[in-house]
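Q: Fold the following.
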Amino acid sequence: MRIVLLSHYYYPEVGAPQRRWRILVDHLRAAGHQVITVAPHPHYPYPDRDRFFSSGVGRSRRRVDVRLGGTWDTGVDGERILRVPYLHSGSSMARQMLDQAVSAAGAMSAVIDRLRGRMRPDVVISTTPALPFLLAGDTLSRLLKVPHVAEVRDAWPDLISEMSLVTGALGKYLPNRLTSTVEHRLLPDLFTRAQRRAAVVVVTTDGFRRRLEQRGVTAEVVRSGVSPAELEGASGLTATGALPVIAPSVENLNESASATSADDRHGLNLLYVGTVGRSQDLSTSIRALARTEGVRLRIVGDGVDTEALKAVAAEEDVPVEFFAQHAGAELAAHWAWADAGLVSLSPLESYEYTVPSKLYSLMARQIPVLGVVAGEAADIISSTSAGDVASPGDIDSVAAAMTSMRHRVEGGQTFSLESTAGEEPRDWVIRHASAAAMGHAYERILEQVVS
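A: Next up is the predicted model:
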């Protein structure tokens, strides 16, 4: 099978979408399928690729020239990547949307130019985040007359109105009545029609699958897959789950650990690793620290909210450490420090239909979870006894969960002993959210839509 994947995020960038698709591409290629990934030159979470390639993650990575129509690149395992132009983005929502739109248009142009005739794919897959890629996949599917598999990782298009994306991006230029109409009716209708035309829409939760089916959309659930390396207990690895991208020079972190006070041997060391953005609402957890004792928070990652969160931590005078995005041995050192991992989402209704992939990684590695989540994600944590759950956006609830987890950690309590799901967290992940489970589910779906 010849597969074209359209994605705004891909290796060597580090993040959940990048990791997921490196795992899936590996699985599909090992099964004998030909996969071409069409993606922008790596730059996330930076505005341009120069900053990416000078970062700890991008340093020593290979870069190729930028050309209209795309440039062929080779992945770490020899997979083919067609790199397309992008727009230098920034922290504003408008710039990010323009960046995604430019890349999606470049992806369409490159596929039409390079992948016709003998190179014509059997199926096109588009993946969010980056909504313009859903429309690109829909357009290419009709032009090439091949099925479209639309992967929708979050509750799109519902989040467009709930997050006020258009008003946030263009509200200072356009009247509120116009932006409200666009985000409540025009864009949701546009994306829903594209979802209905897709052969299948891949989602991550049963709740959102049911919501889409009520709209006449064919949907299937495929949970994010934890890599074999993570199941073996590895930490701080790249998107491939195998190759460290930073040399094991962790002196600074070790010095920081040795310099901490004796009190650090007590209490709760809580670690958040991932995107630092609006969707994660980490400000609630920072404010909750002011209502607890003995809880220390470390945030490792980059995103548009980083500076604002530093200001909140300073305002509340709470013990929060911020570190830039890490991988390899440096990230492993952070996990060695941690007693538990933080998983957090903002209090939007649609996020009740979302399960962050980092939850599965923590469960697989048997790390206790403090979940500031609702809906299906909260149900998974509670039913497997993987940790404690707090209500998103509720400072008192988060503070109470932090205190509860601190007492459990200090008391040496073993998590997962009271699982009501009949499986411990790690076993649940192996069955429902491992790389093997994800890969086989995708392969079944692709074979169905192509046959």
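Q: pretty sure Y11 belongs to a strand, no?
A: No: residue state for Y11 (DSSP: H, G, I helix; E, B strand; the rest coil) corresponds to coil; a strand is not indicated.
Q: where does it land on pLDDT?
A: The per-residue pLDDT reported for Y11 equals 88.
Q: any idea where the strands of the stretch 51-200 of the chain begin and end?
A: 71-74, 80-84, 123-127, 148-151, 200-203 (DSSP state E, counting those that start in this stretch).
Q: Can you check which of these gets nearest to E321?
A: Closest of those to E321 is strand 123-127, at 32.7 Å (criterion: CB to CB). The way it works is simple: take the backbone N, C-alpha and C, and place the C-beta from them, glycine included.
Q: what's around R426, how many residues?
A: 19 (other CB atoms under 10 Å).
Q: same check, this time on Q413
A: Q413 has 11 neighbouring residues, counting by other CB under 10 Å.
Q: Kindly state the pLDDT recorded for it?
A: According to the prediction, Q413 has pLDDT 74.
Q: what about the chain, any weak spots by pLDDT?
A: By pLDDT under 70, the weakly predicted segments of the chain are 89-91, 233-265, 326-329, 416-422.
Q: quick check: longest helix of it.
A: helix 93-114 (DSSP state H).
Q: returning to what we had before: now mean neighbour count and distance to D50 too, for the strands of the stretch 51-200 of the chain, in a markdown table please.
A: Formatted as a markdown table, the strands of the stretch 51-200 of the chain follow (neighbours: other CB atoms under 10 Å; distance: least, CB to CB, whole Å):
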| stretch | mean neighbour count | distance to D50 |
| --- | --- | --- |
| strand 71-74 | 15 | 16 |
| strand 80-84 | 23 | 15 |
| strand 123-127 | 27 | 26 |
| strand 148-151 | 27 | 30 |
| strand 200-203 | 23 | 34 |
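Q: so how far is the first residue of stretch 407-426 from its last?
A: With CA to CA, to the nearest Å applied, stretch 407-426 spans 23 Å between its terminal residues.
Q: Same check on stretch 147-154?
A: Start to finish, the residues bounding stretch 147-154 are 22 Å apart (CA to CA).
Q: Give me the contact list for it.
A: 17, 123-129, 134, 137-138, 140-141, 194-195, 197-204, 208, 222, 224, 350-351, 354, 445-446, 449-450 (CB atoms under 8 Å, 6 or more residues apart in numbering).
Q: Among the residues you listed, name the ones in helices.
A: Under the assignment DSSP H, those contribute 17, 134, 137-138, 140-141, 194-195, 197, 208, 445-446, 449-450 to helices.
Q: Kindly indicate which of the residues you listed lies nearest I299.
A: I299 has its nearest neighbour among the ones in helices among the contacts of stretch 147-154 in P17, at 19.9 Å by CB to CB.
Q: Give me the neighbour count for that closest one.
A: So P17, with other CB under 10 Å, has 22 neighbours.
Q: Isn't it up against F133?
A: No: look at P17 against F133 with CB atoms under 8 Å: they stay out of range, at 10.8 Å.
Q: what sits in contact with each of these two?
A: 7, 127.
Q: how about the helices in the stretch 151-300 of the chain?
A: Secondary structure of the stretch 151-300 of the chain (DSSP state H, counting those that start in this stretch): helices at 158-162, 165-170, 176-181, 187-197, 206-213, 228-231, 251-259, 282-289.
Q: just these: most buried one?
A: Ranked by mean neighbour count under mean count of other CB atoms under 10 Å, these are led by helix 282-289, which reaches a mean of 24.
Q: Can I get it in CSV, CA atoms only?
A: Presented in CSV, the C-alpha positions along helix 282-289 are these (Å, rounded to 0.1, in the frame of the first residue of the first chain):
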residue,chain,number,x,y,z
LEU,A,282,-0.7,25.1,34.0
SER,A,283,-1.5,28.3,35.8
THR,A,284,-4.2,26.5,37.9
SER,A,285,-1.6,24.0,39.1
ILE,A,286,0.9,26.8,39.9
ARG,A,287,-1.7,28.8,41.9
ALA,A,288,-2.7,25.6,43.7
LEU,A,289,0.9,25.3,45.1
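Q: I am finished for the moment; much appreciated.
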